[in-house]
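Undergrad: Build me a model from this:
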Amino acid sequence: MDDKKNVDRRDFLNHTAKFVVAASAAGLTSKTDKVSAMNAKSYSRIKGANDRINIGFLGCGSRSQGHRRMVEMSAKEKNLGVVAVCDIWKLNREKAAADCKEKFGNDVKQFKYSEDMLTMPELDAVMIATGDHQHGYILAEVVKAGKDCYCEKPMAQDVEEAKVARNAVLNSKQVVQMGSQWVSDPYQLKVREIIRSGKLGEISKIEQCWNDNNHRWHEPNDPDVAAIREQDTDWNRWLLGKPYRPFNPWMYFEFRIFRDFSGGITSQWMSHGIGLVHFYTDTAIPDTMVANGGIFSWPDIRQNPDTFQALATYEDHNLLYSYTSTYGNLFGDYTSIRGKEGTLFSDGGEGSPRWFFIPERKQGRFRYHEGFAEAIRSGKAEPVTIPGNDELPPPSLSDDSKYHMDNWVDCIRERNLNTNGHIHTGFWHSIGSTMATLAYRTGKKLYWDRQREEIVDQPPAK
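TA: Got it, this is the predicted structure:
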């Protein structure tokens, strides 16, 4: 490939946003962005039950290891194959190729650039695990190439990127799954079922308190930082339109703690949290957002807060949403969904399947110090279980969800766009987490203008 052609191909992603926006009308702007709009398309390719679905991994860092485990868990049952890995860092793609050989027993093709991998006719689907600031634009590239896609969260870091990704998907026939895996977990589905049944009554507040006690996302002795050389990667490509700065291996691998490339807590944990709020309550994007916090526990090289809290409102549902994290104390992770007739309480952090239902005004007030075992015995609380399993689940699960993987694969075979993590869920969590990031950074109360699809600092016109 000559130098001119190589440069042109590397610039492809930088033109994707402008192309998609120009080719697409504005996306859905109703309160819930109804999924039925996606089902109006016709599909030209149906994967039969016996047809192998060939997958490629795009971005081969730590999260991609989880993607490969997910494929491994489902490969035999769902007839999945692995044909390619792609990463701009030579060592990452070589490690990923070796891991694929060990897990799946075959050699895979290795690519430095995504647009080269996407020309493979045998490639059916792609799993994206790149940096936070790259997800949306790469998702647009993948679906435009006619490949189905599993895209890690957050889908996007700002409103423009979110619109580019959404519009590209809605103008394609591709089956997309957001990497918000908890929406496929049977316990979270049970929680949504309870809420929809009206058992809690009118819900006025949802609280999530998810913590850690660790210099999260920063490893002072990171072996990758020591190993990488600029000549072994493509720094300009990695920046993907961000203002140029000299090569920085800490930013390259620990992008979650740097402002230009991630919101940190908002992008990583709150995107899961707010996505679950939308999932539980059939809401879509908060109307208002305020936030505060700071770097209080780990004053290292990080630019994003290690302690954070946000408050959002959903006006049509009369709902207040509270999200908070600290990385200086891990006591007392929980989620609480409060209704006039009862509370659903989860003992654990992100994705915990351990839920209890506590009725209001029944058998006296439940006090935390009583403990849930005693509360269950005395009839003050009920464990949430699923059919066929009456055991109390653990307070946490692996991020590598077979349920979520299988949902995506089944939808690929059926050409069903309504995956559990469909494209609108990605748009909703992206806007919500972006509002929280900007509210923290600006110190302002922010609003979502549903008509113009913009984040604004004044109440929008009704």
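Undergrad: And what about Asn221, helix, strand or coil?
TA: Recorded secondary structure, Asn221: coil (DSSP: H, G, I helix; E, B strand; the rest coil).
Undergrad: What count of nearby residues applies to it?
TA: 6 (other C-beta atoms under 10 Å). C-beta coordinates here come from the backbone N, C-alpha and C atoms, glycine included.
Undergrad: Equivalent analysis for Ser352, please.
TA: Ser352 - counted by other C-beta under 10 Å - has 22 other residues nearby.
Undergrad: And Lys76, by the same measure?
TA: 8.
Undergrad: Over to Gly379?
TA: Residues lying near Gly379 (other C-beta under 10 Å) number 11.
Undergrad: before we move on, what about Ile386?
TA: Ile386: 15 neighbours (other C-beta under 10 Å).
Undergrad: what's near enough to touch the nearest residue to it once chain neighbours are set aside?
TA: Excluding the flanking residues, the one nearest Ile386 by C-beta to C-beta, 6 or more residues apart in numbering is Pro186, at 4.8 Å. Contacts for Pro186 (C-beta atoms under 8 Å, 6 or more residues apart in numbering) come out as 353, 386, 403.
Undergrad: Thr437 reaches Thr266, doesn't it?
TA: Yes: with contact defined as C-beta atoms under 8 Å, Thr437 and Thr266 form a contacting pair (4.5 Å).
Undergrad: Name the residues contacting each of those two.
TA: With C-beta under 8 Å, 6+ apart as the test, Thr437 and Thr266 both reach Ala291.
Undergrad: neighbour count winner among the two?
TA: Using other C-beta under 10 Å as the criterion, Thr437 and Thr266 rank with Thr266 on top: 31 against 28.
Undergrad: pLDDT wise, what is that one at?
TA: If you check Thr266, the pLDDT there is 98.
Undergrad: for this structure, longest helix please?
TA: Criterion DSSP state H: the longest helix present in the chain is helix 423-442.
Undergrad: Now the helix or strand just after it: average pLDDT?
TA: Per DSSP states H and E, the first helix or strand lying C-terminal to helix 423-442 is strand 446-449. For strand 446-449, mean pLDDT rounds to 98.
Undergrad: buried stuff in strand 446-449?
TA: 446-448 (16 or more other C-beta atoms under 10 Å).
Undergrad: how about the residues you listed in a markdown table, adding distance to Gly273?
TA: Putting the buried residues of strand 446-449 into a markdown table (distance: C-beta to C-beta, whole Å) gives the following:
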| residue | distance to Gly273 |
| --- | --- |
| Leu446 | 17 |
| Tyr447 | 20 |
| Trp448 | 17 |
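Undergrad: And the residue most central in space within the chain, what's its pLDDT?
TA: Nearest residue to the geometric centre of the chain (C-alpha atoms, centre = their mean): Lys153, 2.4 Å. Lys153 is assigned 97 on the pLDDT scale.
Undergrad: Return the list of helices and strands in contact with the longest helix of the chain.
TA: On a contact count with 3 or more C-beta pairs under 8 Å, 6 or more residues apart in numbering; DSSP states H and E, helix 423-442 meets helix 159-170, strand 176-178, helix 271-281, strand 288-294, strand 307-314, strand 446-449, strand 454-456.
Undergrad: quick one, which of those is nearest to Val409?
TA: strand 176-178 (9.1 Å; C-beta to C-beta).
Undergrad: Just say helix, strand or coil for the residue nearest to the centre of the chain.
TA: Classified using three-state DSSP, Lys153 is coil.
Undergrad: Likewise for Val225?
TA: Here Val225 is recorded as helix under three-state DSSP.
Undergrad: now the helices: where do they sit in the stretch 301-450 of the chain?
TA: Under the criterion DSSP state H, counting those that start in this stretch, the stretch 301-450 of the chain contains helices at 372-377, 402-414, 423-442.
Undergrad: what is the orientation angle of the longest helix of the chain with strand 307-314?
TA: 120 degrees (axes from the mean of the first three to the mean of the last three C-alpha atoms, to 10 degrees).
Undergrad: So which bits of helix 423-442 are buried?
TA: Quick answer for helix 423-442 (16+ other C-beta under 10 Å): 423-440.
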